[in-house]
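A.B. asks: here is a sequence with its predicted model. Questions after.
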Amino acid sequence: MLRQLLERVGKRRNRRKPSGERAPQAKALNLRPLVIALGCLGALCGLAGGVLFGLDRPIRSVAIDGRFERVAPLDVERAVKQAVHGAGLVGVDLRAVGAAVRRLPWVDAVSVERTWPDGLKVSLTEQVAAARWGDTGLLNTRGELFAADMRHIPPELPQLSGPDGTQSVVAQRYLAMHGRLLEAGMRLTALRLDARGAWEFDLDNGVRVRLGRKRMDERFETFMATAAKIVAQRAGDIAYVDMRYTNGFAIGWRGAAAVHRSRGEEHTSDA
């Protein structure tokens, strides 16, 4: 047993490395390239900052581009100067400038860009009024109310009205009807939606057409196919056309109390 233990100890001693060999030492880190790289980066940042500082000049000119009928270029320039707040060409907030110009009456879309060395270019498009809304509002061609309290409204625009929040619905129906009526030689001057959901419209020949609350498209098509021909021929004698009938329509004649019905006598219950 003792002999076996001595043999194991001898084997372990033989496995040790010769005394002349040295243990590996940790290599020293060479920080010089890193220091040089950081120095170069700092120099570049400083150079870039200097360039930006040199380019951030005070804004001295504002070029305004667009076709102007309702918007005054002087008002645009004044709005730009107020939004700049003394900022330089690099530091100016272009979005804030565009938002300030967009708040002007009759402005629809705006884009703002820098022009070197010390200017801004503002390009804008005006709103296109498609109709009046109520007494003082204006709708654009998308059916959006872009002005709610206008003092001067173009009198040639058709007048649309309805409950609050229905501007888009009324405008879309107007656009759908307008072209059809023009083809028939009539112009739509007013379209109304009341609180009960009933529709009626006025023509430029003085005739009022009542469509009611239901089957709007069907009733309008019936008007275009039949009643429109009578209106075109005898507009001066007609006060209104009532399309709220099951199988036809009624005509109210001027100067007479009687209501002449055409193509049906039965009245609907959704008037």
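C.D. replies: Everything's here; your move.
A.B. asks: as a check, name the ranges of all helices in this structure.
C.D. replies: For the chain, helices defined by DSSP state H occupy the ranges 2-15, 32-55, 73-84, 94-102, 167-183, 216-222, 228-234.
A.B. asks: so which bits of the fifth one are buried?
C.D. replies: By neighbour count on 16 or more other C-beta atoms under 10 Å, the buried set for helix 167-183 is Gln167, Val170, Ala171, Arg173, Tyr174, Met177, His178, Leu181. (Glycine included, C-beta is placed from N, CA and C.)
A.B. asks: who's in contact with the first one?
C.D. replies: Taking C-beta atoms under 8 Å, 6 or more residues apart in numbering, we find Gln167 in contact with Trp133, Leu139, Gly143, Glu144, Leu145, Leu160.
A.B. asks: which of those residues count as buried?
C.D. replies: For these, buried by 16+ other C-beta under 10 Å: Trp133, Leu139, Gly143, Leu145, Leu160.
A.B. asks: in CSV: those residues, plus pLDDT and distance to Val231.
C.D. replies: Below are the buried ones among the contacts of Gln167 laid out as CSV (pLDDT from 0 to 100; distance: C-beta to C-beta, whole Å):
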residue, pLDDT, distance to Val231
Trp133, 95, 26
Leu139, 95, 26
Gly143, 89, 27
Leu145, 93, 31
Leu160, 97, 21
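A.B. asks: before we move on, the earlier item: closest one of the contacts of Gln167 to Val90?
C.D. replies: Lowest distance from Val90 to the contacts of Gln167 (C-beta to C-beta) belongs to Glu144, with 35.1 Å.
A.B. asks: go ahead and confirm that closest one touches Ser168.
C.D. replies: Yes. The pair Glu144 and Ser168 qualifies as a contact (C-beta atoms under 8 Å) at a distance of 7.2 Å.
A.B. asks: where does the protein have low pLDDT?
C.D. replies: 1-55, 256-271 (pLDDT under 70).
A.B. asks: domain boundaries for it, per the record?
C.D. replies: Listed domain ranges for the chain are 61-126, 129-262 (source: automatic domain parsing).
A.B. asks: centre of the chain to the shortest one, how far?
C.D. replies: Distance, stretch centre to chain centre, for domain 61-126: 18 Å (C-alpha atoms, centre = their mean, to the nearest Å).
A.B. asks: between the two ends of that domain, how far is it?
C.D. replies: Length of domain 61-126, first residue to last, C-alpha to C-alpha, to the nearest Å: 22 Å.
A.B. asks: please tell me how far Arg132 sits from Leu104.
C.D. replies: 20 Å (C-beta to C-beta, to the nearest Å).
A.B. asks: list the contacts for the residue nearest to Leu211 when sequence neighbours are not counted?
C.D. replies: Leaving out its chain neighbours, the residue that sits closest to Leu211 by C-beta to C-beta, 6 or more residues apart in numbering is Trp199, at 4.3 Å. By C-beta under 8 Å, 6+ apart, the contact list for Trp199 reads Arg173, Leu191, Arg192, Leu193, Arg210, Leu211, Gly212, Arg213, Met216.
A.B. asks: show me those that map onto strands.
C.D. replies: Secondary structure from DSSP state E places Leu191, Arg192, Leu193, Arg210, Leu211, Gly212 of those in strands.
A.B. asks: now list the buried members of those residues.
C.D. replies: By 16+ other C-beta under 10 Å, those give Leu191, Leu193, Arg210, Leu211, Gly212 as buried.
A.B. asks: the nearest residue to Phe201 once chain neighbours are set aside bridge partners, please.
C.D. replies: Of all residues not flanking Phe201 in the chain, Leu191 sits nearest, at 4.6 Å (C-beta to C-beta, 6+ apart). Counting by DSSP bridges, Leu191 forms beta bridges with Leu160, Phe201.
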